[in-house]
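**Q** One predicted model, sequence on top.
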Amino acid sequence: MERKISLKRVTKETDITLTLNLDGRGSPRIETGIPFMNHMLTLFAVHGGFDLEILAKGDLEVDDHHTVEDVGIVLGQAISKALGERKGITRYGEATLPMDEALAGVYLDLSNRPYLCYKVDYPAQKSGSFDLELVEEFFRAVAFNGGITLHIHKICGKNGHHIAEAVFKGFARALCQSVRVTGDGETLPSSKGVL
């Protein structure tokens, strides 16, 4: 089964087209209009081994919030739809990932029970012109639209860019682990028989 999906979402605030291949080669094409998010989403694709294309236009004249959140919504939906019934997946994933002085832990369960525990603080509000509080909004949108129980913790770090980079790369590695197909690819990884 091909685990590739293309989605489009249009609102009065954003216009987003996204294609995700969970079994890709880490090939990104990211155009959000927000250089910092382009960089982080490129890292996500490369370090997760996902093919990811995002073409987003948003009301950036207001601020970055709507675009960042809506990209998270569509990415979460794409992850969920690409997984289908979630049969045969590993389900759980975790990564503790360093980026220079920063260290982040990311732990997730593709349980279809959305939750976000985000314990990350930044030494400054911005990295360049990007508001770092939007990282949490992005991951909340991904988790709640992807059916993901997601815990993200900063272990240490002094540079906001490095902390965010460790978080995105950690999420990529944990997601890559959890979507991996195991065994016959038909068994649902749940004692309940449903996710």
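**A** Looks like it came in fine.

**Q** helix or strand for the nearest residue to A164 once chain neighbours are set aside, which one?
**A** Counting by Cβ to Cβ, 6 or more residues apart in numbering, A164 lies nearest to V135, which is 5.5 Å off, once chain neighbours are set aside. (Glycine included, C-beta is placed from N, CA and C.) Following DSSP states H and E, the helix or strand that holds V135 is helix 133-146.

**Q** The residue nearest to A102 when sequence neighbours are not counted: neighbouring residues, count only.
**A** Here the nearest residue to A102 in space, its sequence neighbours aside, is G157; by Cβ to Cβ, 6+ apart that works out to 3.1 Å. Residue neighbour count, defined by other Cβ atoms under 10 Å, stands at 24 for G157.

**Q** May I ask you to confirm that G157 is in contact with L97?
**A** No: between G157 and L97 there is no contact under Cβ atoms under 8 Å: 11.1 Å.

**Q** so what sits against both of those two?
**A** 103-104, 166 (Cβ atoms under 8 Å, 6 or more residues apart in numbering).

**Q** hang on, A141 packs against G72?
**A** Yes: counting by Cβ under 8 Å, A141 touches G72, with 3.0 Å between them.

**Q** Show me where this protein has its strands.
**A** Under the criterion DSSP state E, the chain carries strands at the ranges 4-10, 14-21, 28-31, 51-58, 92-99, 102-109, 115-119, 126-127, 130-131, 149-156.

**Q** for those, which one ends up most surrounded?
**A** strand 102-109 (a mean of 22; mean count of other Cβ atoms under 10 Å).

**Q** what lines up beside that strand in the sheet?
**A** strand 92-99 (antiparallel), strand 149-156 (antiparallel) (DSSP bridges).

**Q** Could you list the residues in contact with the first one?
**A** Right, the one you point to is strand 92-99. Taking contacts as Cβ under 8 Å, 6+ apart, the residues outside strand 92-99 that touch it are 103-110, 155, 157, 162-163, 165-166, 169-179.

**Q** And the pLDDT for D184?
**A** Looking at D184, its pLDDT reads 78.
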